[in-house]
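K.L.:
based on what follows, work out the 3D shape:
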Amino acid sequence: MEKRVLIAVLLMGATIMLTNLLFPPAKQAPPAAEAPAAVAPAAPAAAAVSAALREAAPAQPARTIVVSSPLYRYSISTRGAAVVGAELLKFDSYLHNGTKVQLVPEGAPGFLSHRVAIGRDTLDLRAAPFTAEVDSLLLAEGSAPRDLTLVFTGANGVGAEVTYTFRPDDYLIGVKGRLTGVNATGAQLLTELGPTIAPHEAPDHRSEQQLSVVGHTAPKGNLERVRMAKVKGTETIAGPLDWVAMRDKYFLAAVLTPEQQPFADAQLRALPSVRVPASSGKDTLQVPQVQVTAAQPLAADGTFAYDVYLGPQEYGRLSAIGHDLEEVTPYSYQWLQPIIRPIAAAVIWVLETLHHTLGWSYGWVLVLFGVLMRVVLWPLNAKAMRAQMKNMGVQPLMQEIREKYKNDPVKQQEELMKLYREHGFNPMAGCLPMLIPFPVLITLFFVFQNSIAFRGEQFLWLPDLSLKDPFYILPILVVGSMFALQWLSAKLSGMEQNPQMKTMMYVMPLMMGIIFFNLPSGLNLYYATTNLATMPQQILISKERRRVQEELKKKGPPKKK
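P.N.:
Purely as a prediction, here's the structure:
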C-alpha cells in the first residue's frame, strides 16, 4: 500500500511538470509608457495619518512650553503635545534637597500622551510635531484661565489639534482636541498615562509601595484598585470608567471624562521596575512601572474632551471636582470603608477648618483637637466609669450568690438574674460607651497615615508630623501618660492592690508604646494630648469611685434572707 501511494505521488508530480513544459502560460505585454497609471483606491484613514506622520517627522526639534502658576510648573512638549513635566511648587522633595516634587519620572518621553485607534491601525500621535504660538504661559494668582493650543498639520489635510486649559489656583487641567482629515467613525482616543509617579518621599513614608492604579466605574461608582507592584503582563480595568488615576501615598495623576464620552476600559501593561537612590544615598527604592492606556471613543466629528488632575491628594480639592475622586485616597481597608470614610471626612473637615480659621499650625491644631475630643467624649467616659462603679458595688452580692448556690447552677442563675433586675446591673454598661470612641481612633490612624495635610508640617522639635518622632519623645510620653492614668485610677479608687489592675497598669502602656513607636508623630501628638487631657477627668471619677466603695463598706455585707 505504501509503495502504491509513493508511485501515485511521483506520477502526479511528473504530470504537472510535463503540462507546464508543453503548455507554458502566456506572457503579459508590458504597459505602454504613455499609459496613465491606475488610480489606487483611497487610502484608509489610518494609513493616511501614518504617512502624514512619516512625512512630518524630519521637522524642527521639539520645544518645551512651560506653564507656571503659584501652584505648579507644567511642561508641554511640541512633540506629540505631551505632558513631560509636572512640578508642584508647594511641596518639597525628600529625595532631592532643594527641589520641589516632580511627578514625571526623569527621562520619561511623555507622562501624558495620545494615540488614536482606527479600525485595526493605531496612529501614534506621540511622534507628531505640533506647533504652538507661545513659548511659555505665566498665570498670576487670581487671573483668568489660559489656553495653550498645539496644532499638527500633515499631508493630505490630515492633522490634529490639542488645547490645554490651565487655571492659576487649581491643579485641574481641561483637555480638548480633534482629529482632522480622516473619518473618525468608530475611532478611539488612547490616552497614555505613566509609566509611574516619580519617587519623592522619605523612605519612612513607603510611598513607592502604595503606587497603584485606580479606576472608577461611570454609572455604579465602584472602585477598582490595582497595586502596580502586583501587575504582571497586561491587565484590564473594565469600563465604562469616568476616571482612571495613578497614585502614590500623597500625589495623584488622574484623567476624568465627561459623561457622554466615558473611557471604554483601561489597559495596564507592566514594565520593568527601576531602582532610585533614597535620600540617604546608600539605599535604593524599588519603584514599579505600569503603562496605563485609557480608551475613549472619539465623537463622529473627531473631537474629544477630558480633564487631567496633576497634584496632591487634598481631600477638599478632590471633593470639589466631583465624580467621587476623593475616594482615590484609601482611608481604611475596603471592608471598613462604609464606616471609616464618613468619619474621616468629618475629622479632616474639622482639622482643616481649625487650621484655616485660627491660622494655627497643624501641630497646635492637633493639640486643640485632642482636648476637644476629650471634652466631647467626657459624658460617655463618665457614664462608662459610673456604670463600672455601679457594677463593682454588686460584685460582693454576686460572689455570695455563687458561693451559696455553687451546687445548684439553675438556682444560682435565677438568683443572679433577680439581683441584676433589683440593682439595674448591666455587664455591658461600662463597655459600650468606651467602644464608641474606637471608630474615631481607628479613623485617625488612617487619616494620619494618608493625609497630605501633615506632610512637611513642622512642630516644635518635630520636622514632619507625617513621619515618626526622630527622638521618640512622643511615644515615651504616650507610654508615661497611659501609665499615669492607670496609676491614678488604681490609687484614687483604692484598687492599687487589685491584681488585674496591676497587670493593666504595666502591660497596657507597654503594648501601646510598641504599637505607637514608629507611627507618625502627629498621631502620637494627638494621643498623648488626649491622655493628658483625660487626667483631670480620671481624678474626678476615681475620687467618686472611692466614695462609692467607702459607702459600700459602711453598709457592710448584704443581709441573708
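K.L.:
can we go C-alpha only for contacts and neighbour counts from here?
P.N.:
OK.
K.L.:
in the stretch 451-561 of the chain, mark out all the helices, start to finish.
P.N.:
473-492, 499-516, 521-555 (DSSP state H, counting those that start in this stretch).
K.L.:
I meant to write the stretch 251-400 of the chain there.
P.N.:
According to DSSP H, counting those that start in this stretch, the helices that the stretch 251-400 of the chain contains are 315-321, 337-358, 362-404.
K.L.:
need those helices in TSV (columns: mean neighbour count and distance to residue 449).
P.N.:
As requested, these are exported to TSV (neighbours: other Cα atoms under 10 Å; distance: least, Cα to Cα, whole Å):
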stretch	mean neighbour count	distance to residue 449
helix 315-321	15	14
helix 337-358	15	12
helix 362-404	18	15
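K.L.:
quick one, which of the helices of the stretch 451-561 of the chain is packed in tightest?
P.N.:
helix 473-492 (a mean of 21; mean count of other Cα atoms under 10 Å).
K.L.:
dump that one to PDB, keeping only the CA atoms.
P.N.:
Provided in PDB are the C-alpha atoms of helix 473-492 (Å, rounded to 0.1, in the frame of the first residue of the first chain):
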ATOM      1  CA  ILE A 473       9.800  61.700  72.800                       C
ATOM      2  CA  LEU A 474       6.200  61.400  71.900                       C
ATOM      3  CA  PRO A 475       5.900  57.600  72.100                       C
ATOM      4  CA  ILE A 476       7.600  57.700  75.500                       C
ATOM      5  CA  LEU A 477       5.100  60.400  76.500                       C
ATOM      6  CA  VAL A 478       2.200  58.200  75.300                       C
ATOM      7  CA  VAL A 479       3.500  55.300  77.500                       C
ATOM      8  CA  GLY A 480       4.100  57.500  80.500                       C
ATOM      9  CA  SER A 481       0.700  59.200  80.300                       C
ATOM     10  CA  MET A 482      -1.100  55.900  80.000                       C
ATOM     11  CA  PHE A 483       0.700  54.500  83.000                       C
ATOM     12  CA  ALA A 484      -0.100  57.700  84.900                       C
ATOM     13  CA  LEU A 485      -3.800  57.300  84.100                       C
ATOM     14  CA  GLN A 486      -3.800  53.600  85.200                       C
ATOM     15  CA  TRP A 487      -1.900  54.500  88.400                       C
ATOM     16  CA  LEU A 488      -4.300  57.400  89.200                       C
ATOM     17  CA  SER A 489      -7.300  55.200  88.600                       C
ATOM     18  CA  ALA A 490      -6.000  52.500  90.900                       C
ATOM     19  CA  LYS A 491      -4.600  54.800  93.600                       C
ATOM     20  CA  LEU A 492      -7.500  57.200  94.000                       C
END
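K.L.:
give me the pLDDT value at residue 192.
P.N.:
Predicted confidence (pLDDT) for residue 192: 95.
K.L.:
ditto for residue 87
P.N.:
pLDDT, residue 87: 96.
K.L.:
and what of the one 3 residues further on?
P.N.:
Among the per-residue scores, residue 90 shows a pLDDT of 93.
K.L.:
ok, the spatially most central residue of the chain - contacts?
P.N.:
Most central in the chain under Cα atoms, centre = their mean is residue 329, positioned 3.4 Å from the mean C-alpha point. Contacts for residue 329 were tallied using Cα atoms under 8 Å, 6 or more residues apart in numbering; they are 313, 450.
K.L.:
what's the spacing between it and residue 507?
P.N.:
Counting by Cα to Cα, to the nearest Å, the separation of residue 329 from residue 507 is 35 Å.
K.L.:
can I see the domain layout of this structure?
P.N.:
With domains defined by automatic domain parsing, the chain comprises 49-325, 357-555.
K.L.:
and those domains, which is most packed in?
P.N.:
domain 49-325 (a mean of 19).
K.L.:
thank you kindly, that will do.
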